[in-house]
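predicted model, plus sequence, below.
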Amino acid sequence: MEAIAFYLFSALTIVLFLIVVFSKNALYSMSALAGGMILISGFFFLLDADFLGVVQIIVYTGAVMALYAFGMMFFDTTKDVKEKINDKKIANILWISAGVLLLCIITAPFIGNHLALDAPLNISILEGANNPQAVGIVLFTKYLAQFELAAVMLLVAMIAGIILVGKKMDDSITLKEMDEKIDAEEFDMKDNK
Amino acid sequence: MTIGLTHYLVLATILFVIGLIGVVRRKNLLLLFFSTEILLNAINIGFAAVSKYYGDLTGQMFSFFIIAVAASEVAVGLGLLVLWYKRNGTIDLDSLQEMKG
């Protein structure tokens, strides 16, 4: 059962992410990415990381992709970005070699079984707790300082985002273009008179 | 056939390589951001898998902080991207070269 779910989710995720990377249209990429994020949360549920799966759906699909969707309203997505790739061969060699190297680095210690856990996190309260409870206990004891730092970082990022995007909100590009068009039309009409 | 840790790590590597292709080959800055998300997600899967197969929650904790970092990265990065588009009217990666840094 787990094998079926794993292979189904992995095939779908890989296909969706390939669409993200190779699609010409940024809107298709964004939709595929949102779908891929939801399927990734499926892996987290398979791995007994329930809370992480829920956070994945809420934060990635709910917040990050929504932010991208709103951000894309600022760009003219119908206009294709002309992508000029100077040397395709070097790019291909780069990603293939990096991928093979990564595969070796990541899987070698596990295939050889040479990796042992140095200091397992053994807290006696965790016995019998389900995943969200255990996560809460660990997050607010061992990782409390990091948690608060992350909170401050998110606050800083939020303020930075507001300042960066909202600074010149009153002069919108589309409105400016419309104004120019209206001005030009009025100019034409004056010419005709 | 049971699914072991190696399966998940190979999957994480495949997804990471897909993200890497995106970073290397695309010149659209928005697609570059998407590829970064793919990279971060691939690593998250790896962390969650190691966390399960070693019975240790540290991997999941690391994933949470990665998600937090990714969220703030998107907020700031998208803000900068919007500013760049307002100024230059393009989100082509090559347009950044005019800074001659």
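Looks like it came in fine.

mind showing which ranges of the chain have poor pLDDT?
Answering for chain A, as no chain was given. A:77-86, A:110-128, A:167-177, A:192-193 (pLDDT under 70).

look at chain B instead
Chain B contains residues with pLDDT under 70 at B:1, B:99-101.

mind listing what's buried in the longest helix along it?
If each helix of chain B is counted by residues according to DSSP state H, the longest one is helix B:58-88. Neighbour counts over helix B:58-88 (16 or more other C-beta atoms under 10 Å in any protein chain shown) mark B:58-65, B:67-68, B:70-79, B:81-82, B:85 as buried. All C-beta spots, glycine's among them, are computed from the backbone N, C-alpha and C.

OK, contacts around the residue nearest to residue B:14 when sequence neighbours are not counted?
Counting by C-beta to C-beta, 6 or more residues apart in numbering or on different chains, residue B:14 lies nearest to residue A:14, which is 6.2 Å off, once chain neighbours are set aside. Going by C-beta atoms under 8 Å, 6 or more residues apart in numbering or on different chains, residue A:14 touches B:14-15, B:18.

measure residue A:14 to residue A:40 for me?
Distance, residue A:14 to residue A:40, using C-beta to C-beta, to the nearest Å: 11 Å.

and what of residue A:63?
Distance from residue A:63 to residue A:40, by C-beta to C-beta: 15 Å.

more neighbours: the two, which one.
The neighbour comparison of residue A:63 against residue A:40 (other C-beta atoms under 10 Å in any protein chain shown) goes to residue A:40, with 25 against 14.

which parts of chain A belong to which domain?
By the record's domain assignment, chain A is partitioned as A:1-82, A:143-193 (automatic domain parsing).

tabulate those domains (a markdown table), appending distance to residue B:52.
Formatted as a markdown table, the domains of chain A follow (distance: least, C-beta to C-beta, whole Å):
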| stretch | distance to residue B:52 |
| --- | --- |
| domain A:1-82 | 5 |
| domain A:143-193 | 18 |
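
isn't residue B:33 right up against residue B:81?
Yes. The criterion here is C-beta atoms under 8 Å, and residue B:33 meets it with residue B:81 at 7.4 Å.

buried ones in whichever strand or helix holds residue A:52?
Using DSSP states H and E, residue A:52 maps to helix A:50-55. Within helix A:50-55, the residues that qualify as buried are A:51-53, A:55, counting by 16+ other C-beta under 10 Å.

and what of stretch B:3-19?
Neighbour counts over stretch B:3-19 (16+ other C-beta under 10 Å) mark B:3, B:5, B:7-19 as buried.

check contacts around the closest residue to residue A:35 other than its chain neighbours.
In space, residue A:35 comes closest to residue A:16 once its chain neighbours are excluded; the distance is 5.1 Å by C-beta to C-beta, 6+ apart. Going by C-beta under 8 Å, 6+ apart, residue A:16 touches A:32-33, A:35-36, A:39.

what do you get if the cut-off is 10 Å, keeping everything else the same?
A:29, A:31-40, B:18, B:38 (C-beta atoms under 10 Å, 6 or more residues apart in numbering or on different chains).

many thanks, we can stop here.
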